[in-house]
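S.K.: With the sequence up front, the predicted model follows.
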Amino acid sequence: EFEYKDNTEKKARMVNQCYQSDEYRKIRMTYYDAGDSTQVFNSVWYPDPAYNLPILGIDLLSFNRKKYLAIVDFQPLHEDEADHATPYEHRLQPIKEKYDSLKGRMSAKFYDETQFFSEQMLFARFGEEDVVEQDLFPAFQQYVSLHTQLLSETTP
């Protein structure tokens, strides 16, 4: 599935792509581009419910190429996530430990991170674009690799 929207009035465009497979009921990638003022990349990977695995999500926001916000996480599926998180939290921890720049804390002003995010959420606010290439992208690749590995290790 592919969707493209162009808003000439706001000088912005949005591209949305969705994929699916036997293992993932949906992989959605959305890119919003309003030039240097605002750029947003969001991707959410929904495994088939038969696997009982968390959702993989990433958000990268750029404002004026001076302020950046990034989140990568295996997002909880259930309200009481303690038992559900046990099988994979410890496998995310070594990845998070490698990237000091991605160990930030989210403000409780917008979200309760204990309800919507795992203990191993990667979170960062930064001002240098280099963090994306040096830390965020490699960490995201490792989270994706682990997520697909968990799928291969799980019997639906």
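M.R.: Yep, that arrived.
S.K.: So which elements touch the helix or strand hosting Y68?
M.R.: Element membership for Y68, per DSSP states H and E: strand 67-75. Strand 67-75 sits against strand 55-63, strand 122-126, helix 137-153, with contacts defined as 3 or more C-beta pairs under 8 Å, 6 or more residues apart in numbering; DSSP states H and E. Just so you know, the C-beta spots here come from the backbone N, C-alpha and C atoms, and that holds for glycine as well.
S.K.: Could you say which one of these comes nearest to Y99?
M.R.: Y99 lies closest to helix 137-153 among the helices and strands packed on strand 67-75, at 5.1 Å (C-beta to C-beta).
S.K.: Just the buried residues of that closest one, please?
M.R.: Neighbour-count burial for helix 137-153 flags 139-140, 142-143, 146-147, 150-151 (criterion: 16 or more other C-beta atoms under 10 Å).
S.K.: Report the inter-axis angle for it versus strand 67-75.
M.R.: On the basis of axes from the mean of the first three to the mean of the last three C-alpha atoms, to 10 degrees, helix 137-153 is oriented at 10 degrees to strand 67-75.
S.K.: How far off centre is helix 137-153?
M.R.: Mean C-alpha position of helix 137-153 versus that of the full chain (C-alpha atoms, centre = their mean, to the nearest Å) differs by 12 Å.
S.K.: contacts for it?
M.R.: For helix 137-153, the surrounding residues in contact (C-beta atoms under 8 Å, 6 or more residues apart in numbering) are 23-24, 45, 47, 51, 53, 56, 58, 72-74, 88, 91-92, 95-96, 98-99, 102, 122.
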